[in-house]
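S.K.: Okay, predicted coordinates and the sequence, questions at the end:
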Amino acid sequence: MSSFELKESLDAVLNLGQSDKHTILIVDDEENNLQLLRRTFRGQYNILMAHNGMEGLDVVKQHSDEISLIVSDQKMPVMEGTEFLKKVKEINPQIVKVLLTGHVDTDILVAAINDCELFQYILKPFEPEELKIAVEKGIEKYSMASNNKVFYNELRELFYKTIRAISNALDTKDTYTNGHSLRVTLYSMILAKELNLDDAYLEDIEIAGLLHDIGKIAMPKSILCKNGRLTDDEFLIMKSHPVRGEKIVINIKKLEVISEWVKSHHEKWDGTGYPDGLKGEEIPLAGRIIALADTYDAMTSTRPYRTALSHETAISEIKRCTGTQFDPKLATIFVSLSDKIDEARKNPEVVYPKYSLLAKNIDFKIFSEASQSSASSINSSENV
């Protein structure tokens, strides 16, 4: 082993465990260029090397979470730099990418910026100091993005914990509403999942389900908790809760998209619903989904003046109201999911995590509060 190789090996050993240093990957098919680049950054960063794009991809796959930045040559055998960096973006889009090239080529530059999300494009031969400055700025960008991601995730977790807290507070306002929002959300998610909707839409439906009755917070307790059927005047007041809910939700920027869904969950397919008498596909898809889930839960829940209907009776009633109260296509699918819906009704705390996007995307026990408040009972508010 030469003295240079010995020193390089010692440097590598000393660099192990230095978590305060960022790791960069250098990719070049010419050994001399690779060593020049290594000497340029030695001591300042933890360095990984590869001789071509395929080799570089193997390194990225093994060290994706460690690599902050990549410096890659453009003209290489097996795989050109732009193709390599495009594949890197698919593995980890946060990695900052710097491309070295010996030729000014507008097409390559445009492709690199658009397809690879390139941070900087540097012509060869380059000045080492120029490249060092570019890499330093790239590392700053990476650090800022990482910090923002942590901050964003913390805000996101806080936001959804707040959603759960509001939902739980609403459900515990009346003894008979315990678990209603969670179950309606669960049934909505089961149906929405069957429609192959994308995750972003499913997540919004989950939030809308949890908050669909938020307008009831403004309802007088004498009406909300009445031990008997509502009078016509009381029912008229209760019917205002979708509009009240919309007004609450629309003022939260993150929730603007679901405000119409909250407002429309008592609309009916034939136009006889409220508050706007919307008909058919004038009703937002999510509103139609939640309406089915809400009605099913109301029918299968107990109130002081009546016992819960059986699952089978509730499904028969949904069939009967298909095309009048409910979207015929959605109702048909809901009925076809009867066994899954029944399982969810019997074991909501067990089934919910299988469908919840919030529980999967956020590291917290989404059911800890719900379990305490519902205690496995299947009681709910009247569907009004």
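M.R.: Looks like it came in fine.
S.K.: Show me the helices in the stretch 251-384 of the chain, by range?
M.R.: Defined through DSSP state H, counting those that start in this stretch, the helices belonging to the stretch 251-384 of the chain, from first to last, are 256-263, 285-299, 311-320, 328-336, 338-346, 348-355, 357-361, 368-374.
S.K.: Please export the C-alpha coordinates of stretch 112-120 as CSV.
M.R.: Extracted C-alpha coordinates of stretch 112-120, given in CSV (Å, rounded to 0.1, in the frame of the first residue of the first chain):
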residue,chain,number,x,y,z
ALA,A,112,-31.0,18.5,-16.6
ILE,A,113,-33.0,21.3,-15.0
ASN,A,114,-36.4,19.9,-15.8
ASP,A,115,-35.9,16.2,-15.4
CYS,A,116,-33.2,16.0,-12.7
GLU,A,117,-34.0,19.2,-10.7
LEU,A,118,-30.4,20.1,-11.2
PHE,A,119,-28.9,22.6,-8.6
GLN,A,120,-25.9,23.7,-10.7
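S.K.: Pull out the buried positions in that stretch.
M.R.: With burial defined by 16 or more other C-beta atoms under 10 Å, the residues of stretch 112-120 counted as buried are 112, 116-120. C-betas here are computed from N, CA, C, even on glycine.
S.K.: Please identify the most buried of the helices of the stretch 251-384 of the chain.
M.R.: Looking across the helices of the stretch 251-384 of the chain with neighbours counted as mean count of other C-beta atoms under 10 Å, the highest average goes to helix 285-299: a mean of 24.
S.K.: could you give the angle of that one to helix 256-263?
M.R.: Helix 285-299 runs at 40 degrees relative to helix 256-263, counting by axes from the mean of the first three to the mean of the last three C-alpha atoms, to 10 degrees.
S.K.: For Val78, which three-state class applies?
M.R.: For Val78, the reduced secondary structure class is coil; criterion used: DSSP: H, G, I helix; E, B strand; the rest coil.
S.K.: got the contact list for it?
M.R.: With contacts taken as C-beta atoms under 8 Å, 6 or more residues apart in numbering, Val78 has the following neighbours: 52-54.
S.K.: same check, this time on Leu186
M.R.: Residues in contact with Leu186 (C-beta under 8 Å, 6+ apart) are 209, 293, 344, 348, 351-352, 355.
S.K.: again with Ile237
M.R.: Listed by C-beta under 8 Å, 6+ apart, the contact partners of Ile237 are 219-220, 223.
S.K.: Pull the helix or strand that contains it out as CSV, backbone CA atoms only.
M.R.: In this structure, Ile237 sits in helix 232-238 according to DSSP states H and E. Extracted in CSV, the C-alpha atoms of helix 232-238 (Å, rounded to 0.1, in the frame of the first residue of the first chain):
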residue,chain,number,x,y,z
ASP,A,232,-90.1,20.9,13.6
ASP,A,233,-88.5,24.1,14.9
GLU,A,234,-85.7,22.2,16.6
PHE,A,235,-85.1,20.2,13.5
LEU,A,236,-84.9,23.4,11.5
ILE,A,237,-82.1,24.6,13.9
MET,A,238,-80.3,21.3,13.6
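S.K.: Name the spans of the chain whose pLDDT lies under the cut-off.
M.R.: Along the chain, segments meeting pLDDT under 70 span 1-20, 104-108, 111, 148-158, 162, 171-177, 304-305, 360-384.
S.K.: what ranges do the strands span in it?
M.R.: With strands called from DSSP state E, the chain shows them at 23-27, 46-50, 67-73, 96-101, 120-123.
S.K.: by contact count, what packs against the second one?
M.R.: What it means is strand 46-50. For strand 46-50, the helices and strands in contact under the criterion 3 or more C-beta pairs under 8 Å, 6 or more residues apart in numbering; DSSP states H and E are strand 23-27, helix 31-41, helix 53-63.
S.K.: The third one too?
M.R.: In this structure, strand 67-73 makes packing contacts with strand 23-27, helix 53-63, helix 81-91, strand 96-101, helix 128-171, judged by 3+ C-beta pairs under 8 Å, 6+ apart.
S.K.: among the ones you listed, which is nearest Ile333?
M.R.: The minimum distance between Ile333 and the helices and strands packed on strand 67-73 falls on helix 128-171, with 25.3 Å, by C-beta to C-beta.
S.K.: Just name whatever secondary elements that closest one is in contact with.
M.R.: Applying 3+ C-beta pairs under 8 Å, 6+ apart, one finds that helix 128-171 contacts helix 31-41, strand 67-73, strand 96-101, strand 120-123, helix 180-194, helix 199-211, helix 357-361, helix 368-374.
S.K.: hmm, 6 Å instead?
M.R.: Contacts defined by 3 or more C-beta pairs under 6 Å, 6 or more residues apart in numbering; DSSP states H and E place helix 128-171 against strand 67-73, strand 96-101, helix 180-194, helix 199-211.
S.K.: so how far is the helix holding Ile237 from its chain's centroid?
M.R.: Relative to its parent chain, helix 232-238 has a centroid offset of 38 Å by C-alpha atoms, centre = their mean, to the nearest Å.
S.K.: so who does Met123 touch?
M.R.: Rather than Met, residue 123 is Leu. Shown in contact with Leu123 (C-beta atoms under 6 Å, 6 or more residues apart in numbering): no residues.
S.K.: Could you check how far it is from Asn32?
M.R.: 18 Å (C-beta to C-beta, to the nearest Å).
S.K.: returning to what we had before: can you list the helices and strands packed on strand 67-73 in CSV and add distance to Asp232?
M.R.: Supplementary listing: the helices and strands packed on strand 67-73 in CSV, determined by distance: least, C-beta to C-beta, whole Å:
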stretch, distance to Asp232
strand 23-27, 70
helix 53-63, 67
helix 81-91, 60
strand 96-101, 65
helix 128-171, 25
